[in-house]
Each structure stands twice: as structure tokens, then as C-alpha cells.
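Q: I'll drop the sequence and a predicted model, then ask my questions.
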Amino acid sequence: MPKNLSRFVMRTVLPGALPTAAVVVFALTDLPWLGYGLCLATLVFLTGLFTTVSAGAGRTARAVIVAAVLLGTGLFRDGELNLGLAGAGALLLGLLGVEPLVFKALRMGRLNTANLPLPRSTVARWATPRTVAMVNIGMIAAFTGCAAFQLSGWPLVAVGVLVVLTQAVLVLRVWVRRRDVAYQTDTAVRAAVEAHAPKFAVHFSGPGSAVYQLLMWLPYFDQLGDPYVIILREGRTAKTFAAATPAPIVVAPSIAAMESMLVPSLRSVFYVNNSMKNTHCVRFGELTHIQLMHGDSEKPASRNPVSAMYDRVFVAGQAGVERYRRYGVKITDEQFRIVGRPQVADVRVDREPIANKKHPTVLYAPTWTGDSADVNFSSLPLGEALVTELLARGATVLMREHPFTRRNVAAGRALERVQELLATDRAKTGRPHRFGAETSGEITLADCFNDADALVSDVSGVVSDWLYSEKPFAVTDMLAEGEEFAESFPLSTASYVIRHDGSNIPEVVSQLLDADPRASERRALKTHYLGDFPADTYTRAFLSAARETYETPRDPRESHERDQAVTAS
């Protein structure tokens, strides 16, 4: 069963089907024990599923269980209405009705943090949405048991009243801090951040699939050796980043919460994408704002006019500066810093002719489809033809998918077909093809580079990073630009270009794996794209430029020049 379908069945279909079946049993059969059994089975099932406030299906299923029991034989005893049981059922339905409000109140109590020492309140230790949900599930289980054994419901009513009072106290304790909550600030978190005395901050906003954008920079922020804080605008990524760095992390969903984290010790703020929420922070002119981006490519994102609003725009090489110039983006010379791509420092240079390698390994790294057709550079429509030709040439294939690939259904299906092709060939020939989680999560991109002898990719940052290795590569012209492709993607002058229809795949693969006539062009462009820095100290360029942003006193004239550039753009 496909993963997404099985999740849908487990989280949506079964929680609704089981209690519905119980209603049918109570209404149409004389098998009340079967109905009670289905109710209890549903509750056991929900105990393992209920983990977040968004589990609406779990709440609906529990309400159906209460209604089913109220309609079943347990509501009457000796022909008379069991008032205690009826009262308990009404109380439980009320608890389920206000459960979302309780959840919201508990989540508003304190900003989420990680790696930040904070005094823990007694409430924070156990008063969580999951705890509240589990108590309510236990109450419904007891209610079902009382009905099944024809017991009085009054003790359950007494317990229910106690639960209601306890939840009311919890909510009141949270709402005592309503003034702070209204502005989404937290004095304890602010004090802890001030005590940490960060010299710079990293501001990040993006979906869960975008964590790679910041993860690639965290090792170098840590190498700076100075205290810093990560400000996340969404909480879904906090655990991932907390596992990757010891730096304090604060989830600040509102503008006011973000502002409260800009403590006096801060001198600069780094950004790794052009999220709309960056504007909430970049307006603070007393800080130096630096755009790093998460790759250096010819995609529109790497020459976005929005970059002009930052005080510093870090680019890997002179090619990055020229890219903005070529598209008319008004960024002053003072804003640019050429810092190389520290992520390629671990990539090994290999100048051995690929023709000497009898069984070459080829990395296939297609990009994603983008948000619109004009930026859809993905070669996955050619994936099967590309990989088939590589396999016919006896190559071992490493396939690394883009984190956003499965956002597009057609691209996801094309990816699965290529992976099935590799799995079949691996089983048949024994060649150690690698793909899926192994190449997209268990090893780094630099590891993939070092394990491969050649690359096939698209217009993306992967290509310019690969240039550091000096090994041959091919790129796809998926927008059918033809002769104009070299103008919009200058790096293609050092590559072998695959046409959008794949008609020249055999010819390109032969050039890639045999003759390789463009080795000299690659070496010439390497410095232009990735900076002229010694290999043994390559990362120092970035570290020095980063330190300069918070150690050098800020010139107030820079903001004026930056604002003029933004206006001109």
C-alpha cells in the first residue's frame, strides 16, 4: 500500500469507520457487547494516533463513541433513564467541544524553545494537549465500561466535574498572562536570550521540506565560535534544527515575538532564503542584514531583486555578482561579498580523465519543478531515458532527489519510475546503484560528489557546487532555450547540454563518459563561480566575512545606500 494511502487509512478512515460501525451495531442488532467492543477498540486505536492538536478525526471519532453509547442499551436500566450516565455523556460531549480552546490556551503559554535554559513551571511539565486528550479518552473509556456493565454514572459525573475544574484552572493560569500572550512575547525567554548574549541571529521561515536551506549553513555558524540564536517563524522545524546545532532556538510566530528576540547584544542577522517574513526583521536598521541564500545557481531565486534590501549579499564568486548585474538588479558594490561556497570545502578535486575509469559512477541530481512553468527546470520527464542510457553504458548510478520533488504529483511518479528502474537493474546486475533515503538523507551532497565520477543535473545550485570537483557534467535545457541557453546559464559552456526532448542523450553520454572535451573550460570557470581561495583554507573567506558583519561598527550611511538601491530596483 502506498505510504500516503496507508496514512490516510490509518488517520482518517479507520477512526471514522470503527465508531460508525458501533452505531450500526447498536441500532440494528441485538449485540451490544460488539458495539461496546468496537468503541473500546477505537479508543485504543486513538491512543496511539493522537499526537497533535490537528487530529480532528480523533475528536470526531470520540464524539461518535459517546453518542453511540448514549443511544445504546447502556442509557437505560430496568426500563428507566440512567440519569447519571446521561449526565456523564453530556459532560463528555462538552469536554470534547471545548478541547480545541484548551489546546490553544496551553500552547499560548510560552514560546517554544530549544537549547535554551529556562525555568520550568509545574504546569509546563505535564499540562500538554496530549495529556488533556488522553484524560478525555480515559473518561470516555470509563463511560463505555459503565454503560456496558449497567453501572451508575454518578461517580463518573463527579470525576468529570473534577476534570472540568482542573482544565479551567489550567486555562485561567495561562490567561493570567493574557497581556503578554496578546503580543506573543515571553519575558522568561527574552531574559534567557539576553543572558546568552548572542552576537548575531539567524532568521528562518519556511515549510518543513525547506530545512535543508538552513541545515547547510549551521556547521559554519557553529565554527564561528561566537554565541548566536536561531529565530524560527514556524515551529514545525524546531526539532530538526535542535538536533543539528547546540545553538539556542526560539520559535517566534508573530512579529512582536520576533522583535522581542532582538536583544541589545545583537549586531547582525543572517537569512538563507527570501521568505516574505524576512521583511519583518530586515527593517531594523541598527542591525546588519545578510542574505546567504541556499545555493548559487542561474535560477531566478539567485538574482531576485528582493536581495537588494539586505546590507550584505554573500555570493560564491564573481559570477554571482555578474548575475545580478546581467538582470538589472541594483545592488551596490559595497553590499556584495565574495565568500566562496564553504559547503564544497569537503569536495575532492579529481583531474583523472574519466575515460580511464572502466566502470564510472554517475550522479543524477534532478531539481524540482518550481512554482510555475517558467522556472520548471526539472529533467525528471527525461529521467527514465537518461538512466536507461547510463545503465546501457555500464555506469553505476547515484540518484539524489530534490527535497521539493514530491510537491508535484507527476514529478513524484516520474521519480518513482526511475527508482524502480535502478532497483531492477541492481537486482539483475549487482551494480550498487543508490537512491532514495540513502542518497538524500543518510549521506551529504558532498559525499555524493566524492563517490561519483560524473554528474547529470539541471539548472540548479548542484551544478555550480559540482564545478569545484573539476569532474565532467551534463545539464538539461528543459525550457528549450537552444542557442540562448548559454546566455541564461553561462555555466553550460563548460558542460554537455541535453536537449529538452532528450534527442541527443546518447551523444551527450558519450561526451560525458569518454572524450570529455571541456575539461579546460571547467577549470577556467571554477574560480569565477566559486572564488579564488586556497583549498586548505577555503572556508575562511566565509567565516571572516561573517565575523565582519558583527565585529565591525556599522556605518549608518549603508542603510541609506541600500534603500536607494531598493528604490531604484
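A: Ah, there it is. Residues are numbered from 1 along each chain as shown.
Q: what about residue 211, distance to residue 232?
A: Per C-beta to C-beta, to the nearest Å, residue 211 is found 10 Å from residue 232. For glycine as for every other residue, the C-beta is placed from the backbone atoms N, C-alpha and C.
Q: before we move on, what about residue 143?
A: Distance of residue 143 to residue 232, given as C-beta to C-beta: 40 Å.
Q: next, count neighbours for the nearest residue to residue 475 once chain neighbours are set aside.
A: In this structure, residue 475 finds its nearest non-sequential neighbour in residue 495, 4.7 Å apart by C-beta to C-beta, 6 or more residues apart in numbering. Neighbour count of residue 495, defined by other C-beta atoms under 10 Å: 27.
Q: and the helix or strand where residue 21 lies, what does it pack onto?
A: Here residue 21 is covered by helix 14-28, with elements defined by DSSP states H and E. Applying 3 or more C-beta pairs under 8 Å, 6 or more residues apart in numbering; DSSP states H and E, we find helix 14-28 packed against helix 32-49, helix 56-71.
Q: quick one: average confidence on it?
A: For helix 14-28, mean pLDDT is 83.
Q: now do the contacts for residue 467.
A: Contacts for residue 467 (C-beta atoms under 8 Å, 6 or more residues apart in numbering) come out as 473, 491, 494, 522, 525, 526, 529, 530.
Q: and the gap between the first one and residue 254?
A: Going back to what we said before, that points to residue 473. To residue 254, residue 473 is 45 Å away according to C-beta to C-beta.
Q: please identify which of those two sits among more neighbours.
A: Between residue 473 and residue 254, counted using other C-beta under 10 Å, the more crowded position is residue 473 (25 against 15).
Q: find the residue closest to residue 262 in space, skipping its chain neighbours.
A: Using C-beta to C-beta, 6+ apart, the closest residue to residue 262 is residue 284 (6.3 Å).
Q: so that neighbour: helix, strand or coil?
A: Assigned by DSSP: H, G, I helix; E, B strand; the rest coil, the conformation of residue 284 is coil.
Q: what's around it, how many residues?
A: Neighbourhood size, residue 284 [other C-beta under 10 Å]: 13.
Q: ok, the one 10 residues further on next?
A: By the measure other C-beta under 10 Å, the count of residues near residue 294 is 20.
Q: that one belongs to a helix?
A: No: per three-state DSSP, residue 294 lies outside any helix segment and is coil.
Q: how many neighbours does the closest residue to it other than its chain neighbours have?
A: Sequence neighbours aside, residue 213 is the residue nearest to residue 294 in space, at 3.7 Å (criterion: C-beta to C-beta, 6+ apart). Applying other C-beta under 10 Å, we find 20 residues neighbouring residue 213.
Q: can you read off the pLDDT for residue 213?
A: 94.
Q: re the thing from before, dump the contacts of residue 467 to TSV, plus secondary structure, distance to residue 200 and pLDDT.
A: Listed next are the contacts of residue 467 as TSV, based on DSSP: H, G, I helix; E, B strand; the rest coil; distance: C-beta to C-beta, whole Å; pLDDT from 0 to 100:
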residue	secondary structure	distance to residue 200	pLDDT
473	strand	35	95
491	helix	32	88
494	helix	36	91
522	helix	35	91
525	helix	32	91
526	helix	30	93
529	helix	27	93
530	helix	24	94
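Q: before we move on, the earlier item: looking at residue 211 and residue 232, which one has more neighbours?
A: Neighbours were tallied for residue 211 and for residue 232 using other C-beta under 10 Å; the higher tally belongs to residue 232 (24 against 18).
Q: distance of that one from residue 520?
A: Separation of residue 232 from residue 520 (C-beta to C-beta) stands at 45 Å.
Q: could you do residue 279 as well?
A: 45 Å.
Q: what's residue 20 in contact with, if anything?
A: Listed by C-beta under 8 Å, 6+ apart, the contact set of residue 20 reads residue 64.
Q: quick one, longest helix in the protein?
A: Scanning the chain for the longest helix, with DSSP state H as the assignment, gives helix 83-107.
Q: partners of the helix or strand just after it in the sheet?
A: Sequence order places strand 113-114 as the next helix or strand after helix 83-107, per DSSP H and E. If you go by DSSP bridges, strand 113-114 pairs up with strand 249-251 (antiparallel).
Q: next one: residue 331 from residue 313, what distance?
A: Taking C-beta to C-beta as the measure, residue 331 falls 6 Å from residue 313.
Q: and what of residue 294?
A: Counting by C-beta to C-beta, the gap from residue 294 to residue 313 is 14 Å.
Q: kindly export the helix holding residue 21 (C-alpha atoms) in PDB.
A: Output of helix 14-28 as PDB, limited to C-alpha atoms (Å, rounded to 0.1, in the frame of the first residue of the first chain):
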ATOM      1  CA  LEU A  14     -10.400   3.700  10.500                       C
ATOM      2  CA  PRO A  15     -11.000   6.300  13.200                       C
ATOM      3  CA  GLY A  16     -14.300   7.100  11.500                       C
ATOM      4  CA  ALA A  17     -15.300   3.600  10.400                       C
ATOM      5  CA  LEU A  18     -15.000   1.900  13.700                       C
ATOM      6  CA  PRO A  19     -17.300   4.100  15.800                       C
ATOM      7  CA  THR A  20     -19.700   4.300  12.800                       C
ATOM      8  CA  ALA A  21     -19.800   0.500  12.900                       C
ATOM      9  CA  ALA A  22     -20.600   0.600  16.600                       C
ATOM     10  CA  VAL A  23     -23.600   2.900  15.900                       C
ATOM     11  CA  VAL A  24     -24.900   0.500  13.300                       C
ATOM     12  CA  VAL A  25     -24.500  -2.400  15.700                       C
ATOM     13  CA  PHE A  26     -26.400  -0.600  18.500                       C
ATOM     14  CA  ALA A  27     -29.100   0.400  16.100                       C
ATOM     15  CA  LEU A  28     -29.700  -2.700  14.000                       C
END
